[in-house]
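Undergrad: Sequence and predicted structure are below.
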Amino acid sequence: MAKSLPSQIKNNILILFLFFSFATAVGQEKESEFGGPPKLSELIGFWKKVEIPDEEKMNLTNPWPQKYQWFAFYENGKIYSMMSDKDSNYSVKELKEIFSNLPVDKTPNYKLEGQFLTVDNKEDKNYKELWGVNLFAIDINENLKKGNLMMTLDGGNDNIIYFRLLKKIENEEIKNTH
């Protein structure tokens with residue numbers, strides 16, 4: 001265990017460096033060899049949260065305490081999510097069915113603008129989440145893989161308070177089906 005600690009610390013420092021370098025480019029579409037903002041076509045689809053090592057230490061807050069999370073970004077600007085204390089390997093078909101049972105009028109909207117994604121809350125008109133987003137272009141380590149989406153929640157004053165790493169669930173195309 002002592003041997004893995006320096007490697008783990010090194011990986012976390014690299015991860016934090018990448019997060020902050022992507023998140024601080026306010027209003028710019030910054031791409032590098034590591035990745036950059038996703039195109040809308042790359043964002044649309046179903047995603048599952050991937051655990052980040054030392055996640056509880058990196059996140060200043062955890063507004064979504066359930067460990068397992070799934071998301072759907074639709075072309076029509078709707079974002080669906082669900083969380084659980086139990087893991088499952090849902091297929092796109094299963095997630096489509098689950099999300100189709102949720103009320104559309106209470107479903108948040110998202111808007112992707114460069115490196116930033118905003119999410120509203122239908123219950124509170126003054127509420128808005130601001131996320132920095134990065135789609136990895138290469139494998140960084142065993143946790144950060146090509147095609148993974150890093151989302152960083154801004155708590156105000158360019159202060160990242162929550163990190164979320166997502167892996168796309170691939171097995172069919174998603175359209176305006178909901």
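TA: That came in fine, so what should we check first?

Undergrad: Low-confidence regions, the protein specifically.
TA: The chain contains residues with pLDDT under 70 at 1-31, 171-178.

Undergrad: ok, the most centrally placed residue in the chain - contacts?
TA: With distances taken as CA atoms, centre = their mean, M151 lies nearest the centre of the chain, 3.9 Å away. Contacts for M151 (CB atoms under 8 Å, 6 or more residues apart in numbering) come out as 117, 131-133, 163-166. Glycine gets a C-beta too; all of them are placed from N, C-alpha and C.

Undergrad: now with 6 Å?
TA: Applying CB atoms under 6 Å, 6 or more residues apart in numbering, one finds that M151 lies in contact with 131, 133, 164.

Undergrad: just curious, which of those is nearest to K48?
TA: K48 has its nearest neighbour among those in R164, at 10.9 Å by CB to CB.

Undergrad: Check for me that the closest one belongs to a helix.
TA: No - assigned with DSSP: H, G, I helix; E, B strand; the rest coil, R164 falls outside any helix and is strand.

Undergrad: From N126, how far out is it?
TA: 23 Å (CB to CB, to the nearest Å).

Undergrad: Neighbour count: these two, which is higher?
TA: R164 (20 against 6; other CB atoms under 10 Å).

Undergrad: The closest residue to the more buried one other than its chain neighbours and N143, how far apart?
TA: Among residues not flanking R164 along the chain, M151 sits closest, at 4.3 Å (CB to CB, 6 or more residues apart in numbering). As judged by CB to CB, M151 and N143 stand 15 Å apart.

Undergrad: number of nearby residues for the closest residue to K86 other than its chain neighbours?
TA: Closest residue to K86 apart from its sequence neighbours, by CB to CB, 6+ apart: Y68 at 6.6 Å. Y68 has 15 neighbouring residues, counting by other CB under 10 Å.

Undergrad: Name whatever forms a beta bridge with Y68.
TA: S84 (DSSP bridges).

Undergrad: doesn't D85 make contact with it?
TA: No - look at Y68 against D85 with CB atoms under 6 Å: they stay out of range, at 7.1 Å.
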